[in-house]
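> what follows is a predicted protein model with its sequence.
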Amino acid sequence: MPTTQKKEKVAEIQTEAQQSAGFIVTSFGGLKTVEINEIRLKIKPFKAEYRIVKNSLTKIALKNAGFEALANMLSGPSAVVIERGDTMGTLKAIFEFAKTHEALKVTGGCLEGKVLTGKELKAISTLPSREALIAQLLGVLQGPATNLVSVLQAPMRDLVTVLDAITKKSEQKA
């Protein structure tokens with residue numbers, strides 16, 4: 001018989017899965033408490049939370065939230081990352097941490113309502129940040145305008161160069 005406390009926990013996880021910007025499932029078997037606290041500190045600036053969960057309750061919550069594929073990714077000691085802010089920053093921090101701590105495995109996640117595997121999340125984490133992508137786009141858009149200005153200025157620049165050469169030549173003769 002489910003207790004009231006378990007029902008509340010399922011409802012809480014279900015709400016967080018539906019309302020968060022990202023919901024990542026990890027396997028942390030072998031991580032020490034100090035290392036778990038370290039990852040929590042790394043993702044805290046991105047408004048994310050690393051929470052150890054009970055698989056049975058989390059599976060029920062994810063199925064109720066419509067993320068059945070994500071619920072099937074829970075096995076062994078599991079924890080979830082609940083993202084409320086910068087999803088790219090959080091992903092980068094998690095995978096950077098996983099490079100030095102082999103016990104942490106990202107099994108899958110949900111970003112903006114789409115369920116993704118751990119490999120897909122890793123591929124997304126290698127993309128540049130939003131600000132870097134905007135800067136690249138602006139550079140691409142600005143390039144043709146800069147080239148047009150150079151082409152339009154070329155006849156005047158060439159005329160000035162020719163006139164300057166003529167004046168120098170006439171000064172040398174005099």
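Here it is on my side, so go on.
> which sections of the chain are below the confidence cut-off?
Residue ranges of the chain with pLDDT under 70: 1, 174.
> okay, now the domains of it?
The chain resolves into domains spanning 4-127, 129-174 when parsed by automatic domain parsing.
> helix, strand or coil: sort out the residue nearest the centre of the chain for me.
Nearest residue to the geometric centre of the chain (C-alpha atoms, centre = their mean): Met88, 1.4 Å. Three-state call for Met88 (DSSP: H, G, I helix; E, B strand; the rest coil): helix.
> picking up where we left off before, pick the most deeply packed of the domains of the chain.
With neighbours defined as mean count of other C-beta atoms under 10 Å, those peak in mean count at domain 4-127, which reaches a mean of 17. To be clear about C-beta, it is placed using only N, CA and C from the backbone, and glycine gets the same treatment.
> mind checking the end-to-end distance for that one?
Domain 4-127 stretches 43 Å from its first residue to its last (C-alpha to C-alpha, to the nearest Å).
> pull the longest helix from this structure.
Longest helix of the chain, by residue count under DSSP state H: helix 130-173.
> all helices of this structure, in order?
Per DSSP H, the chain carries helices over the ranges 4-19, 33-43, 55-65, 68-71, 87-100, 118-125, 130-173.
> can I get those in JSON lines including distance to Val81?
Putting those into JSON lines (distance: least, C-beta to C-beta, whole Å) gives the following:
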{"stretch": "helix 4-19", "distance to Val81": "11"}
{"stretch": "helix 33-43", "distance to Val81": "7"}
{"stretch": "helix 55-65", "distance to Val81": "13"}
{"stretch": "helix 68-71", "distance to Val81": "12"}
{"stretch": "helix 87-100", "distance to Val81": "6"}
{"stretch": "helix 118-125", "distance to Val81": "10"}
{"stretch": "helix 130-173", "distance to Val81": "19"}
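> all set now, cheers.
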